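Asker: sharing a model prediction with you, sequence too.
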Amino acid sequence: MTRFLILLPLLCPDFLAAQGSLRQATEGRCWLRVPGESPALKDVIVSSGSATPAPWEKDPAVRERLTDIVFPIRCWDWREITISFTPLADGPVDLVLGGCWEEEKPGFSFRKELLWDNLTAQGTQLQNGSFETTTGASGPVYWKPEYGPYLAPGDWPLANAEALDGKSVAATWQNRPISQTLQTKAGQKVTLRLHARAATLPGFIPPARLPADSPASRALAGIKRGVNLGNCWDAPPPYSWGIRYSTDDIDRIAAEGFDHIRVPVAWHFNLKPNATGFDIDPTLLTDLEPVLKRALEKKMHVILDWHHFDDLTTNPAAHRARFIASWKTISDHFKSWPPELFLELLNEPRDALTTEVANPIYAETIAAIRSIDPERIILVSPGKWGDIRELEKLRLPDADDRIVVTVHCYEPFYFTHQGAGWVQLEGLRGITYPGPPTSPFAVPEIFRENNDIASFIHAYNTLPADCNPCSANAVRDLLNLAREWSDHFGRPVHLGEFGSHNLADASSRMRYARDVRTLAEERHIPWTLWDWKAGFGYWDSQTTKPLFRAALFE
């Protein structure tokens, strides 16, 4: 489960961070910009992703006139995005093609290039949307570089970029956007159809595509609905943040209809060095193993997960060898257990342990486990807290067909984590699901200067249900991306965590759980709810009854 909130600063167009390292993009970005003398656009609707007032702008009037549109993309195929809006007055609207901001270090932003092609418009005229007409250093005709010179034709990523249609594409990133002014009429709907993809990095080698009927896919087909046993063995000894689990819990979980459990364990607290490696603390095994065995007796699957290894995520190089050696110890201990026990390498890689940094560590760890237990199903998570958008960067051993990829989804975050102190949201309460609310929600005073929250709440208050940021839309987009990636590469995907904090109202929590469960099952993605009876709990220990059974099982 996510226990920390990373609030990244957002790009101000007047501030251009220096170029840092190349990094593959996982999201596309464009802006709709209205001049100061014209009314702001209302009800901008995007087919996938989000459209909100620019969260980096402190001036509300400027923020209202700059719509920030962010959407998921992929490197292995073009993605079509449709944007629609109806101007309130005659006049110009700038379409700005840019890129998403991510800081590598203070003053330096990653260069994450996007490719664009085949842009069309209805309700206005868009020139040279195929980018076939160019003038060398000035770039595509009718498109204006916003901050400086355009790419030379032979420069990466234009060189060897495969066009969707024709021969040419446009390339942009956060520090090199291009724009075109569209003339619009009051009351006349404008629909923009854009195609974008992530530029692959120099030397890019695509992952292997595996058959759909792999051993991992067959194993994952045996599970559908699970629940996490959180806030117990993932805590430091004596294994509890106020939560204890026993075989009675397993009996209740099985009776509810769950077919698997995910068991987070902070292995780093429970492995003691010996002459050749590590020993597992017998106190942990005495406490943990009866619960695991009861689940297997109940014909449930078990996912045994390593949680909260902060040393590794903070300093991967220093703790890589310890991580690999620890997994050799763990896999050796469980090698004789039934195949229904799965091993998950690491919960929510983050911070310094980016997906790219994790890839070779995963490969070496998987090889160590395979030397001991070649048939075991292993689960692996992408970086940025298991973000589905990071799947594009994940690289797994091509020949290993017993790996399941696990991802997490807590969107919409300001609903699911409202009131949660560990992400500094204790002052945010009362957001209902889905939006918009019956009456406008006021930004709490403590968050007045948080433009990201202010932007979310503005959209939450004003946008209709079919494009509201506090709705099933964000979840649908991400699960679609997971399904598309899985189908393309033949890697089965599991939703290892989703859920909502128990400080949200009960009816909203039920509607949210039903939506995520339904969206996952429609896409044949098995899921594991966070959690059984802790802060996001399904089970009420006081009444010994479930809180929202119908949402998950009916």
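Answerer: Happy to help now that I have it.

Asker: what about the helices in the stretch 51-200 of the chain?
Answerer: Along the stretch 51-200 of the chain, counting by DSSP state H, counting those that start in this stretch, helices occupy 60-64.

Asker: swap in the stretch 351-500 of the chain?
Answerer: So, for the stretch 351-500 of the chain - with DSSP H, counting those that start in this stretch - the helices run 355-370, 383-386, 413-416, 451-462, 472-489.

Asker: weakest of these by average pLDDT?
Answerer: Ranked by mean pLDDT, the helices of the stretch 351-500 of the chain bottom out at helix 451-462, which scores a mean of 90.

Asker: give me every residue that touches the most centrally placed residue in the chain.
Answerer: Averaging the C-alpha coordinates of the chain gives a centre point, and the residue nearest to it by Cα atoms, centre = their mean is Asp387 (2.7 Å). Each residue near Asp387 by Cβ atoms under 8 Å, 6 or more residues apart in numbering is listed here: Thr26, Val407, His408. All C-beta spots, glycine's among them, are computed from the backbone N, C-alpha and C.

Asker: bridged to it, which residues?
Answerer: His408 (DSSP bridges).

Asker: would you turn the contacts of Asp387 into CSV with pLDDT?
Answerer: What follows is those, written out as CSV (pLDDT from 0 to 100):
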residue, pLDDT
Thr26, 91
Val407, 98
His408, 98
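
Asker: where does pLDDT dip in this protein?
Answerer: 1-18, 136-137 (pLDDT under 70).

Asker: Cys467: neighbouring residues, count only.
Answerer: Burial measure for Cys467: 18 neighbouring residues, criterion other Cβ atoms under 10 Å.

Asker: now the strands for the stretch 51-200 of the chain?
Answerer: Along the stretch 51-200 of the chain, counting by DSSP state E, counting those that start in this stretch, strands occupy 66-72, 79-85, 91-97, 103-105, 108-111, 114-122, 144-145, 170-172, 178-184, 190-198.

Asker: adding distance to Asp59 and mean neighbour count, write the ones you listed out as TSV.
Answerer: Listed next are the strands of the stretch 51-200 of the chain as TSV, based on distance: least, Cβ to Cβ, whole Å; neighbours: other Cβ atoms under 10 Å:
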stretch	distance to Asp59	mean neighbour count
strand 66-72	10	22
strand 79-85	21	18
strand 91-97	18	20
strand 103-105	23	13
strand 108-111	23	20
strand 114-122	27	20
strand 144-145	23	16
strand 170-172	25	26
strand 178-184	20	19
strand 190-198	25	22
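
Asker: quick one: closest of those to Arg514.
Answerer: The closest of the strands of the stretch 51-200 of the chain to Arg514 is strand 66-72. By Cβ to Cβ, the value is 23.4 Å.

Asker: that closest one vs strand 190-198, what angle?
Answerer: 50 degrees (axes from the mean of the first three to the mean of the last three Cα atoms, to 10 degrees).

Asker: which residues touch strand 66-72?
Answerer: For strand 66-72, the external contacting residues (Cβ under 8 Å, 6+ apart) are 26-34, 41, 44, 46, 48-55, 57, 79, 81, 83, 85, 100, 196, 388-389, 455, 477-478, 481.

Asker: within the sheet, what are the partner strands of it, with directions?
Answerer: strand 27-33 (antiparallel), strand 50-53 (antiparallel).
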